[in-house]
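Chemist: Build me a structure from this.
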Amino acid sequence: MGKTDVRVRGLAARAGGWSARHRWAAVGIWVLFVVLAMGLGSAAGRVDVDESDQLKGETHTAARIIEDAGIERPAGETVLIQSRDGSLRATGTEFRAGVADVMKAVEGTGRVTHLTSPYDTRTISRDGRSALVRFEMRGDADTAGERVAPVLDAVAGVQKAHSGLRIEEIGAASMNKQYKDAFGDDFQKAEYSAVPVAFGILLIAFGALVAALLPVGLAVTAIMATMGLMGLVSHVQPMSDTANSVMLLVGMAVGVDYCLFYLRREREERAAGHDAGTALRIAAATSGRAVIVSGVTVCVAMAGMLFTGLAEFEAMGLASLMVVAVAMVGSVTVLPALLSLLGERVEKGRLPFLRRRTAGPDEGSRFWSAVLRRVLAKPLVSVVVATGSLLAVAAPALGMNTQQLTLDQEFGDSLPIVQTYNRLNDAFPGGSEPAQVVVRAKDIGAPEVRGAIDDFKRRAVSSGASRGPVDVTVYAERNVALIDVPLVGGSDMDRAVESLDKLRDEVRPATLGRVAGLEAPVTGQVAGNQDFNDQLLGSVVPVFAFVVVFAFLLMLLSFRSLTVAITSIVLNLLSVGAAYGILVAVFQHGWGASLVGAEGVGAIVTWLPLFLFVILFGLSMDYHVFVVSRIREARLRGRSTKDAIQHGVVTTAGVVTSAAVIMVAVFGIFGTLSMQSMKQMGVGLAAAVLIDATVIRGVLLPAVMALLGERNWYLPKWLHRLPDLTHDDAPQPADALPAQERDERLRV
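Modeler: Just a heads-up that it's a prediction; the model follows:
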């Protein structure tokens, strides 16, 4: 016979209670929601971030001018022809024959237009040993990569006939094709691997097939529903493939975590002797509440990305926010219904080689019990050692160097086209990534406009920003001209940015800037990177402030403790700082880089620090809320603070460990990808979660709380007027409550 009925209160308890009483209705509503979201999203289609909306500033202005003018520039391609040993010069017979064969072969494919000879365009290197044949792909530039294969084959055929020359093609279409061929399946493999990896770990953690399927099922259905919602929302806030990948990562992490927290508590209460209904209600009021507090905190953190003003970040933030919200709602509604339906059948499909866990609520991990005894015996020493270790790990972050990774940094030598890219930049600095000045005037053919453009061409070279040739394409009927300026510096981003600054700050004002009513924003890859960096840097303070302040307020309201709120923020910042330090040590300084295939990167990709801060600050709250909720619950039941800490940490150690292992494994998959930016993201996330679940929650949190004692629950009198978002963490028998207390109050 189980223990008597237990009364619990709170929004999570009410949701769980309703779902348990209306099991089929709850499951049906969830299935209907997922199906409708997917169906409506599929019917609406997804609107992706437009290139002109990616950035603000000059890059955005230039894209808008081109778009308003209806100019659709095809994908440009270049064939680099070089003397292999340096003995052949572009003026020689053999070299000319190679150029002629390239032009004939490329034109013969019927896929190109505007084919130009280096002898007409003067695209011959200064040493006379390299030349460029340029052309454009017919058709839509966005799909040119799908049509470039015959051209690449034609160029490869010419290469075989000219052993003394190096003949290689590079351009937007060929790079896109080679990238997709080499890494197009990388993301899908990583995404598809996440589900079986999570399921395998859960199977070991629970030892039962059905119990392991529940968290994965919740996460997958939450992700499916969010994909549909992304299609609908994209008509207001455009989405992207990157946002989709980030959403899947976050959705898998929180979906599994929330279900894991809930399921473990329900099993624990049943092992303690409660009947199925009572165990479910206790799980709803305790773990369910922790899920809501954690979910809202994660949503707030993800919302921080909406303050960057960067379309890609806004898409990632909104997609992540939606999947967390969907997973949170599913955890406190459909999960109780499924547990109520399954009952003891949740233990079906047990693995014969794993014994069934029967530990009661006061038992936990032997390992963490041993650790906690030492930590609580000498809390001050533990705080000093743990904090000192984390600060030491974080120290390299003080010298963090962020930049947009160049092609060779991103892919190393894994792509043949990277070597072509480097050779092209060596022979024609800036030629592969020229700056582009988009000139719009009332009359592009006016003498003062033509004169200003000619003057700009001369000064661009004389100023040292470019070595030429500076090409001008005029669209007279649209009163727009495009000026392509190869930047000195090429793939050396620091030097290329210096050249860009000369164009923007010196050359342009002295030439084009003197014509009244003329617009001349400078765009291109280097300019886009610079504008992105400037905008991202400007958003750091608002995003950090928003996330930290709102997380603090949520912790304050949820636990009604100023101390808990402050320590939550400080511990999370330590965790993020340590992750930054590991990133810099591995990817910038190269310490242990060979272990993750990151040799020679030398920098952290610009967008990653802010992205990691938002993601990690949100996800680390999962563990923090879950552990502190359990400690507070034990304290309200009459345990001493020290005993409550011991009980809270030890009894949550298993679920926190399982959740952390899943997160580390899923994030670690992305750390195996070939792209350095994805590798950095995966390693950073995995390292931070590992640190957070071990050093922070297992050592530093209990040590700090042990030192603070009763001050952990300190709330100044002037803050007592704040809304009370706590709940009864110590459930009481219903018949023991006064009559006036039997009416449930709506609390989170």
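Chemist: For this structure, identify the residue most remote from the centre.
Modeler: The outermost residue of the chain relative to its centre, with distances by Cα atoms, centre = their mean, is Thr93 at 53.0 Å.
Chemist: how far away is that one from Gly164?
Modeler: 11 Å (Cβ to Cβ, to the nearest Å). Where C-beta positions appear, they are placed from N, C-alpha and C, glycine not excepted.
Chemist: What of Ala12?
Modeler: Distance from Ala12 to Gly164, by Cβ to Cβ: 75 Å.
Chemist: of those two, who's got more company?
Modeler: Ala12 (29 against 13; other Cβ atoms under 10 Å).
Chemist: you'd agree the more buried one is up against Val293?
Modeler: No: using Cβ atoms under 8 Å, Ala12 is not in contact with Val293; the gap is 9.2 Å.
Chemist: Any stretches of the protein with poor pLDDT?
Modeler: 1-10, 51-54, 182-189, 191, 353-365, 412-414, 430-432, 490-492, 600, 724-748 (pLDDT under 70).
Chemist: if we go to 50?
Modeler: 1-8, 357-362, 728-748 (pLDDT under 50).
Chemist: What are the boundaries of the strands in it?
Modeler: According to DSSP state E, the chain carries its strands in the segments 6-7, 76-83, 112-116, 130-137, 165-171, 402-403, 435-440, 471-475, 480-485, 522-523, 604-605, 732-733.
Chemist: Skipping adjacent residues, who's closest to Ser340 in space?
Modeler: Ala20 (4.2 Å; Cβ to Cβ, 6 or more residues apart in numbering).
Chemist: ugh, wrong one, I meant Ile201
Modeler: For Ile201, the spatially nearest residue (Cβ to Cβ, 6+ apart) is Ile662, at 5.0 Å.
Chemist: Is that neighbour in contact with Ala198, as I believe?
Modeler: Yes: here Ile662 reaches Ala198: they are 5.0 Å apart, a contact under Cβ under 8 Å.
Chemist: what sits in contact with each of the two?
Modeler: Val256 (Cβ atoms under 8 Å, 6 or more residues apart in numbering).
Chemist: Against Ser499, how distant is Thr406?
Modeler: From Thr406 to Ser499 the distance is 15 Å (Cβ to Cβ).
Chemist: Counting neighbours, go ahead and name the busier of these two.
Modeler: Just comparing Thr406 and Ser499: by other Cβ under 10 Å the higher neighbour count belongs to Ser499, 27 against 21.
Chemist: Pick out the residue closest to the middle of this protein.
Modeler: Most central in the chain (Cα atoms, centre = their mean) works out to Val246, at 4.9 Å.
Chemist: Was I right to think that residue contacts Met316?
Modeler: Yes: under the criterion of Cβ under 8 Å, Val246 makes contact with Met316 at 4.7 Å.
Chemist: OK, contacts around the residue nearest to Ser340?
Modeler: Counting by Cβ under 8 Å, 6+ apart, Ala20 touches 277, 280-281, 284, 336-337, 339-340.
Chemist: go with 10 Å
Modeler: Residues near Ala20 by Cβ atoms under 10 Å, 6 or more residues apart in numbering: 26, 276-277, 280-281, 284, 336-341.
Chemist: List buried residues within the residues you listed.
Modeler: 26, 276, 280-281, 284, 336-340 (16 or more other Cβ atoms under 10 Å).
Chemist: Filter those down to just the ones in helices.
Modeler: 26, 276, 280-281, 284, 336-340 (DSSP state H).
Chemist: which one of those sits closest to Leu573?
Modeler: Ala284 (31.8 Å; Cβ to Cβ).
Chemist: isn't that closest one right up against Phe261?
Modeler: No: if you go by Cβ atoms under 10 Å, Ala284 and Phe261 don't touch, sitting 11.5 Å apart.
Chemist: Residues that sit against both of those two, list them.
Modeler: Residues touching both Ala284 and Phe261 (Cβ under 10 Å, 6+ apart) are Val291.
Chemist: Ala13 versus the residue nearest to Ser340, what's the distance?
Modeler: With distances taken as Cβ to Cβ, Ala20 is found 10 Å from Ala13.
Chemist: Please enumerate the shared neighbours of the two.
Modeler: Listed as contacting both Ala20 and Ala13 by Cβ under 10 Å, 6+ apart are 280-281, 284, 336.
Chemist: Tell me which stretches of the stretch 101-250 of the chain form helices.
Modeler: Assigned by DSSP state H, counting those that start in this stretch, the helices in the stretch 101-250 of the chain fall at 118-121, 149-161, 172-206, 209-233, 241-271.
Chemist: chain center to the longest one, what's the gap?
Modeler: Looking back up the chat, that one is helix 172-206. Its chain's C-alpha centre and that of helix 172-206 lie 15 Å apart, by Cα atoms, centre = their mean, to the nearest Å.
Chemist: tell me the angle of that helix relative to strand 165-171?
Modeler: If you take axes from the mean of the first three to the mean of the last three Cα atoms, to 10 degrees, helix 172-206 sits at 70 degrees to strand 165-171.
Chemist: what comes up buried for stretch 712-723?
Modeler: For stretch 712-723, the neighbour count (16+ other Cβ under 10 Å) marks 712-713, 715 as buried.
Chemist: Do me a favour and get the end-to-end distance for it?
Modeler: The straight-line separation of the ends of stretch 712-723 (Cα to Cα, to the nearest Å) is 19 Å.
Chemist: Name the residues that touch it?
Modeler: Counting by Cβ under 10 Å, 6+ apart, 553, 556-557, 559-567, 628, 631-632, 635-636, 641, 644-645, 704-706, 708, 747-748 sit against stretch 712-723.
Chemist: List only buried entries from those.
Modeler: 556-557, 559-565, 567, 628, 631-632, 635, 641, 644-645, 704-706, 708, 747-748.
Chemist: Filter those residues down to just the ones in helices.
Modeler: Per DSSP H, the subset of these in helices is 556-557, 559, 562-565, 567, 628, 631-632, 635, 641, 644-645, 704-706, 708.
Chemist: Which residue ranges of the stretch 301-450 of the chain form helices?
Modeler: So, for the stretch 301-450 of the chain - with DSSP H, counting those that start in this stretch - the helices run 311-332, 334-342, 366-377, 379-394, 407-411, 416-427, 447-462.
Chemist: Alright, calling it a day.
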